[in-house]
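In: Below are the sequence and a predicted model for it; my questions follow.
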Amino acid sequence: MDTIASLFSFITTPVSWIIVQFHKLYGAVFGPDTGWAWGLSIVSLVVLIRICLIPLFVKQIKSMRNMQVLQPKMKAIQERYKNDRQRQQEEMMKLYKDAGTNPLSSCLPILAQSPFFFALYHVLSGIASGKTIGVIDQPLLASAREAHIFGAPLAATFTDSAEKVASLNADIVSVRVVTAIMIVLMSLSQFYTQRQLMQKNVDLTVKTPYMQQQKMLMYIFPLIFAVMGINFPVGVLVYWLTTNVWTMGQQMYVINQNPTPGSKAQDNYLQRLLKSVSTHGEIRGRRRRNIVRAIVAKGADRNDNERKFIAALAKEGYSAQADGTVTKVDPAVAEAEAANARRQQPKRQTKAKRQQGGAGTATADPAEGPSLEKPSLEKSDKPSGATPKQPAKPAGGGTRQSKAGQRKGPQRPKHPSSKK
């Protein structure tokens, strides 16, 4: 970890400078040597970084939405080339390129803040070893070494020995308890954030490699950080726990206010929107009108949540308009329009029936309906269009049965002089 952190030493000075500025602010309130002053400085560093990363977060959301739009096409490619994995991957990559999206875009915020994470780790490692680093001089170093968060020094780790913890004026039990609790909270917050995304803001009706990737990340990331967390100083654990909580809150806001089409979150959002329309008789807010406008524009391409929303509006006596507003109409008329929109296409015939229909010819018996007859494979001597003569019935009125050994099919007519 120290080797990796040294690769980001170029950003160590800016990170240490930001922490020192916040420490001056909080030190004036809580005291310069307290854990509150140094802990809140790290929390403020996280908030500042995440505010700067909001444009990347917006790009991440747009890319994830593009992935949701592409899911039906991805499923079609998956089914078409299910026996050719290489061709399947090639077509998927081509689809991503044409749409201008990337399934790894969900990792952008994590990758962007990695330099700050390792720079902070480098700073705290210097504090633990008693070395000045960045703009942290000797007085600030002594102050940071005295800072404790719930009895655990800022630079202590779960794996530190009792002698090293004692040199930081703390006991090993306090350090182990505090770091263990923070590691568990860090992993749980990471898991809950990803699980919330998978259960509420993803269209689960379509199974694609993107869905498998998100499900895999839900379990892998918390496990990775739980294993790595035992080597993180307390200050780094504060940093990472804070950024997880920020991500969780940010994602909750996006899921509640701008859910993915076809997801459970969209169903909950449209139910809240329906309740608001029932109460106020209108669509309040430009963002809500934009969502209703998009639903109306989809027409027959609406998903189940959107069709249910339009039908519920009709029952309430409202009709959604193309500009995103609603108008009060007669409930019977509104329900008729909703029923017309829900009208299903005729069921597709099975393959056997389609083949039978293509091979046979239909008879027009209005009582029994159309029936199919297989064309005869016998060679006809009569020209096309000639009406074949009906064979004469025997005198007994019955049909003549073929005798054993006699050729089946039409028989050669006997000479009139021959005996019957």
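Out: Thanks, I have it. Numbers count the residues shown, from 1 in each chain.

In: Regarding the closest residue to Phe232 other than its chain neighbours, what is its secondary structure?
Out: In space, and not counting its chain neighbours, Phe232 is closest to Thr157: 6.4 Å by Cβ to Cβ, 6 or more residues apart in numbering. (Each C-beta comes from the backbone N, C-alpha and C, glycine too.) At Thr157 the chain is in coil, as set by DSSP: H, G, I helix; E, B strand; the rest coil.

In: Number of residues surrounding Thr157?
Out: 24 (other Cβ atoms under 10 Å).

In: which residues touch it?
Out: Listed by Cβ atoms under 8 Å, 6 or more residues apart in numbering, the contact set of Thr157 reads 128, 175, 179, 230-234.

In: Reformat those residues as JSON lines; add secondary structure.
Out: Formatted as JSON lines, those follow (three-state DSSP):
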{"residue": "Ala128", "secondary structure": "helix"}
{"residue": "Val175", "secondary structure": "helix"}
{"residue": "Thr179", "secondary structure": "helix"}
{"residue": "Ile230", "secondary structure": "coil"}
{"residue": "Asn231", "secondary structure": "coil"}
{"residue": "Phe232", "secondary structure": "coil"}
{"residue": "Pro233", "secondary structure": "coil"}
{"residue": "Val234", "secondary structure": "helix"}
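
In: Show me the strands in this structure, by range?
Out: 148-149, 152-153, 318-320, 326-328, 361-363, 371-373 (DSSP state E).

In: quick one on the thing from earlier: which among the contacts of Thr157 gets closest to Arg302?
Out: Phe232 (47.5 Å; Cβ to Cβ).

In: In this structure the closest one contacts Val238, no?
Out: No. Assessed by Cβ atoms under 8 Å, Phe232 is found out of contact with Val238, at 9.5 Å.

In: which non-adjacent residue is nearest Ala156?
Out: Ala156 sits nearest to Val175 (Cβ to Cβ, 6+ apart), 4.7 Å away.

In: What distance do you get for the one you found to Gly134?
Out: As judged by Cβ to Cβ, to the nearest Å, Val175 and Gly134 stand 25 Å apart.

In: likewise Ala297?
Out: Taking Cβ to Cβ, one finds Ala297 at 54 Å from Gly134.

In: More neighbours: which of those two?
Out: Gly134 (21 against 11).

In: so who does that one touch?
Out: Residues near Gly134 by Cβ under 8 Å, 6+ apart: 12-13, 15-17, 123.

In: What residues of stretch 216-229 count as buried?
Out: By neighbour count on 16 or more other Cβ atoms under 10 Å, the buried set for stretch 216-229 is 217-218, 221-222, 225-226, 229.

In: Which phi and psi values does the residue nearest to Thr325 when sequence neighbours are not counted adopt?
Out: Spatial nearest neighbour of Thr325, chain neighbours left out: Ile283 (5.7 Å); criterion: Cβ to Cβ, 6+ apart. Torsion angles at Ile283 (phi, psi; degrees, to the nearest 10) stand at phi -90, psi 120.

In: which stretches of the stretch 51-200 of the chain aren't confidently modelled?
Out: 68-69, 103-108 (pLDDT under 70).

In: If we use 80, what do you get?
Out: 57-75, 78, 96, 98-113, 125, 128-130, 197-200 (pLDDT under 80).

In: Also the stretch 301-420 of the chain?
Out: Checking the stretch 301-420 of the chain against pLDDT under 80 turns up 330-420.

In: try 70 this time
Out: In the stretch 301-420 of the chain, residues with pLDDT under 70: 331-420.

In: What's the separation between the residue nearest to Phe232 and Glu163?
Out: Taking Cβ to Cβ as the measure, Thr157 falls 14 Å from Glu163.

In: Can you list the buried residues in stretch 175-190?
Out: 175-176, 178-179, 182-183, 186-187, 189-190.

In: ok now it, how far from the chain's centre?
Out: 28 Å (Cα atoms, centre = their mean, to the nearest Å).

In: Mind listing residues that contact it?
Out: 149-153, 156-158, 160, 165, 221-223, 225-226, 229-230, 232, 234, 237-238, 240-241, 244-245, 248.

In: at 6 Å what do you get?
Out: 150, 152, 156, 158, 165, 221-222, 225-226, 229, 237, 240-241, 244-245, 248 (Cβ atoms under 6 Å, 6 or more residues apart in numbering).

In: In CSV, could you pull the C-alpha coordinates for it?
Out: Output in CSV follows, covering the C-alpha atoms of stretch 175-190 (Å, rounded to 0.1, in the frame of the first residue of the first chain):
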residue,chain,number,x,y,z
VAL,A,175,-7.8,0.8,18.4
ARG,A,176,-9.1,-2.7,17.4
VAL,A,177,-12.7,-2.0,18.4
VAL,A,178,-12.9,1.4,16.7
THR,A,179,-11.2,0.2,13.5
ALA,A,180,-13.3,-3.0,13.4
ILE,A,181,-16.6,-1.1,13.7
MET,A,182,-15.5,1.4,11.0
ILE,A,183,-14.5,-1.4,8.6
VAL,A,184,-17.8,-3.1,9.1
LEU,A,185,-19.7,0.2,8.5
MET,A,186,-17.6,1.0,5.5
SER,A,187,-18.3,-2.4,3.9
LEU,A,188,-22.0,-2.4,4.7
SER,A,189,-22.5,1.1,3.3
GLN,A,190,-20.7,0.0,0.1
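
In: so what's the backbone phi/psi at the closest residue in space to Arg87 that isn't next to it in sequence?
Out: Distance criterion Cβ to Cβ, 6+ apart; nearest residue to Arg87, sequence neighbours excluded, is Tyr81 at 4.6 Å. Backbone torsions of Tyr81, given as degrees, to the nearest 10, read phi -110, psi 40.

In: burial of Tyr81, as a residue count?
Out: Tyr81, neighbours per other Cβ under 10 Å, totals 16.

In: was I right about it contacting Gln88?
Out: Yes. With contact defined as Cβ atoms under 6 Å, Tyr81 reaches Gln88; the gap is 4.0 Å.

In: Which stretches in the stretch 151-300 of the chain count as helices?
Out: Along the stretch 151-300 of the chain, counting by DSSP state H, counting those that start in this stretch, helices occupy 162-167, 172-200, 209-229, 234-257, 264-280, 286-298.

In: residues of the last one that come out buried?
Out: Using 16+ other Cβ under 10 Å as the test for burial, helix 286-298 gives 288-289, 291-293, 295-296.
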